[in-house]
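Participant: what would the 3D arrangement of this be:
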Amino acid sequence: MSGGDLDPVLIHHLANTLGWRSLRPLQEAAVTPLLCGDDAVLLAPTAGGKTEAAAFPLLTRMGGGRWSGTSVLYICPLRALLNNLLPRLENYTSWLGRTAALWHGDTTSGARKRILAARPDVLLTTPESLEAMLVSANVDHTSFFSGLRAVVVDEVHAFAGDDRGWHLLAVLERLQRVAGRPVQRVGLSATVGNPETLLTWLQGSGAGNRPGQVIAPDPGGPAATTTTGAGAPPPATRVPTAVPPGNVQLDHVGSLDNAATVIAALHRGEKRLVFCESRRYVEELGEKLRAKGVTTFLSHASLSLDERRRAEAAFADARDCVIISTSTLELGIDVGDLDRVIQIDAPVSVASFLQRLGRSGRREEAPRNCLFLALDEDGLLSAAGLLLAWAQGWVEPVVAPPEPRHIVAQQLLALCLQEKRVGEHLWQEWWNGLGPFGTSAEPIVRHLVDQGYLERDSGMLFIGPEAERRFGHRHFMNLTAVFTAPPQFTVLQGRAEIGRTDPSLLTQRVDGPRRLLLGGRSWQITYIDWRRRRCFVEPVDGGGKAKWNSTRFGPVGSHKLTRAERRVLLGEDPPVRMTRRAAGALHRAREEYVERVHPGGTLIVQDKRGRLRWWTWAGHRANATLAATLDPVVVPGQHINERWIRLREDVTARIWSDATRDATDRLCLPDVDERAVRGMKFAEALPLRLAEATLSARLADTESAAAVLAEPVRFVRGER
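Facilitator: Numbering: from 1, shown residues only. Take a look at the predicted model:
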């Protein structure tokens, strides 16, 4: 057993209680920098020992430094992941006479009172729960967080890529000010394309001022470390595929019915985890597999907590079975040893695929593997393009969404709730110069005051009547989360909650009894309580429908992955095992798209009806940017996709040349859908122009749009 600088009691228990002969390379490499107090991002696949790599040095520091009170926060994006981690961290802390506890939205009031009365050394929580603690009248946050020394952010990449990341950074800066000292920050992540940037992001206001390291295992040797900080240049990043491409297979099955047939027939006696890209597919596939006699469990966000826990617990203990999930099981929740991972169509990113691939192969004799089942031609192209990019060592960089003005508005309101009154010239100090929370936020403060969200008196800012009206329900609970949950009806069988369904299923016209599909079972609705948004059901044999309206207006189909699809159509095959069905379907797709792809540039194709399409293969955000920039020659009001843009039928080569001349110097941000503004939480606390500007910046990809404009364009008439 190495790791000699760790607490001797820890080393004893690792060897004698856990039976470890040695630390993993990542764990060994993390000891010295974390003991020195450095910030760090630890990179490893799922089940790579990241939790222990962070916990053991911090517990050693805790003992050596005689930390008291709640000195370490362990933050996760999912409650289920926290629930899963608690027993491990309770075990590790108990070896040293320390304690760990859990605080999130499902924690009972009694448990919270016990935590406040006897602060645990390690608190497992979410950013939303931390926000709730800071603004709660029942928590003396100054006292509770006075001993804070370190923060571990698990699945840090899942935060950094959306607004929860901005919220997390802002809350950490406020906590650091409450504690009155710099707080060590440790992020845990699967493979990402820009780990040094992710570390800089995690460091927040301390970036460039505090030492930090990216620590990643090398499959052929010890973990590699990259030091960043003042004066340290970020090195180039190489992302390994981590799994031989031969362990990944691509099949084309043509329908969800056929997918169920394949899953039921293959790998009998094994434990299989199936990922779908929608809740509706999870439900429909679950029903089809159960009809074939397959022991099947389901997991998605609209199932009740009890339903999900029962499914995950049963799946962990079972053998010959299938669990079907959306991304809820993509992160590190332990569902036992898996034999197979199966993907319906393709996930939205290579990073997501790596997370899912990492769910398999936890046993030494079981290799990591994944079987893709494409339901149609689009699914096949998406999967093939993603696998081509992955096999060539590419994974998406994690990029924080630009211009988070609505999060700034939320944080200003939350700070005034936390402190009751804040000096109108002192509020910036709470975020220590963190990017968007500085002087650029002054217009937002003025708007909040003008609209009554904040009031100003004697140089102090405090909560105003409009904030009370819009966010004050249940002690401002709606102010603590930065994501918006769509309105859904709770589905109950007697007193037992099954989950939630979309209201449109309860209002659309139907012939005969109204039935819904939830938990992989059909239910007949017996009564709807419209006022309390509840519906009561009884089980029935078949006929149920599943539907959820997505509130996600963000773009899908990145430039890199869409271009990878284009390369597939031009003849490149991903180096994975491909069934004869998949190879045949891919051959037919290449014949179908032969006049829409060209290695020398983009194509403007006129079909037999005279319609013009510009086949850019640029990705959704780049196409939105191009459509806005070339507005005079683009058909207005069209639905933007990642592959092509509809042009006016009278566009000629001369008109096109005039329209695109100097276009790279005048790229425009995309227009914003009004529904998207309404769907952005806290948008109402911003001036409309700033809310629209925020979303426009997030819908744009000017770099990729400029690259496409620089390519040659060919006109093709009379598409066959």
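Participant: which regions of the stretch 601-720 of the chain lie under the pLDDT threshold?
Facilitator: For the stretch 601-720 of the chain, the stretches with pLDDT under 70 are 718-720.
Participant: wait, a strand at Arg714?
Facilitator: Yes - under DSSP: H, G, I helix; E, B strand; the rest coil, Arg714 sits within a strand.
Participant: what's the separation between it and Pro574?
Facilitator: Look at Arg714 and Pro574: by CB to CB, to the nearest Å, they are 27 Å apart. Using the backbone N, CA and C atoms, a C-beta is placed for each residue, glycine as well.
Participant: which of those two has more neighbours?
Facilitator: The neighbour count for Arg714 versus Pro574, taken as other CB atoms under 10 Å, is higher for Pro574 (24 against 14).
Participant: hmm, the more buried one is touching Arg567, no?
Facilitator: No - if you go by CB atoms under 8 Å, Pro574 and Arg567 don't touch, sitting 9.7 Å apart.
Participant: quick one, what contacts Ala264?
Facilitator: Neighbouring residues of Ala264 by CB atoms under 8 Å, 6 or more residues apart in numbering: Leu289, Lys292, Gly293, Val294.
Participant: how about it, secondary structure?
Facilitator: Strictly by three-state DSSP, Ala264 counts as helix.
Participant: ok, it to Met578 distance?
Facilitator: Going from Ala264 to Met578 by CB to CB gives 22 Å.
Participant: hmm, back to that, who touches both of Pro574 and Arg567?
Facilitator: By CB under 8 Å, 6+ apart, the residues touching both Pro574 and Arg567 are Gly385, Leu388.
Participant: just the buried ones out of the contacts of Ala264, please.
Facilitator: Buried residues within the contacts of Ala264, defined by neighbour count using 16 or more other CB atoms under 10 Å: Leu289, Val294.
Participant: want to throw the contacts of Ala264 into TSV with pLDDT, distance to Asn258 and secondary structure?
Facilitator: TSV is the format used below for the contacts of Ala264 (pLDDT from 0 to 100; distance: CB to CB, whole Å; DSSP: H, G, I helix; E, B strand; the rest coil):
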residue	pLDDT	distance to Asn258	secondary structure
Leu289	96	12	helix
Lys292	95	12	coil
Gly293	95	17	coil
Val294	95	15	coil
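Participant: so Thr125 touches Leu82, yeah?
Facilitator: Yes - applying CB under 8 Å, one finds Thr125 in contact with Leu82, separated by 7.1 Å.
Participant: so what sits against both of the two?
Facilitator: Tyr74, Cys76, Leu102, His104.
Participant: now, which of those sits nearest Gly206?
Facilitator: Tyr74 (19.4 Å; CB to CB).
Participant: burial measure for that closest one, as a count.
Facilitator: Neighbours of Tyr74 under the rule other CB under 10 Å: 25.
Participant: low-confidence regions, this protein specifically.
Facilitator: 1-2, 218-243, 332-336, 362-366, 474-475, 484-485, 550-556, 718-720.
Participant: and for Ala137, the neighbour number?
Facilitator: The local packing of Ala137 (other CB under 10 Å) involves 8 other residues.
Participant: just use 464 as the starting number from now, easier for me
Facilitator: Fine by me, first position is 464 from now on; the one you just mentioned is Ala600.
Participant: what strand or helix carries it?
Facilitator: Using DSSP states H and E, Ala600 is not contained in any helix or strand.
Participant: ok, it to Leu924 distance?
Facilitator: Distance, Ala600 to Leu924, by CB to CB: 19 Å.
Participant: do Arg771 as well
Facilitator: From Arg771 over to Leu924 (counting by CB to CB), the distance is 41 Å.
Participant: show me where the stretch 614-763 of the chain has its helices.
Facilitator: Applying DSSP state H, counting those that start in this stretch to the stretch 614-763 of the chain gives helices spanning 619-623, 626-642, 658-666, 719-728, 742-754.
Participant: could those helices be laid out in TSV, adding distance to Asn710?
Facilitator: TSV is the format used below for the helices of the stretch 614-763 of the chain (distance: least, CB to CB, whole Å):
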stretch	distance to Asn710
helix 619-623	23
helix 626-642	32
helix 658-666	24
helix 719-728	18
helix 742-754	23
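Participant: most packed of these?
Facilitator: Most buried of the helices of the stretch 614-763 of the chain by mean neighbour count (mean count of other CB atoms under 10 Å) is helix 619-623; its value is a mean of 27.
Participant: circling back to that earlier point, now flag whichever of the shared contacts of Thr588 and Leu545 is closest to Val1135.
Facilitator: Of all the shared contacts of Thr588 and Leu545, Val1135 sits closest to Cys539, with 32.3 Å by CB to CB.
Participant: quick one: residues contacting the closest one.
Facilitator: Contacts for Cys539 (CB under 8 Å, 6+ apart) come out as Leu545, Leu548, Leu587, Thr588, Thr589, Asp617, Glu618.
Participant: how many residues are close by the last one?
Facilitator: Looking back up the chat, that one is Glu618. If you count neighbours by other CB under 10 Å, Glu618 ends up with 22.
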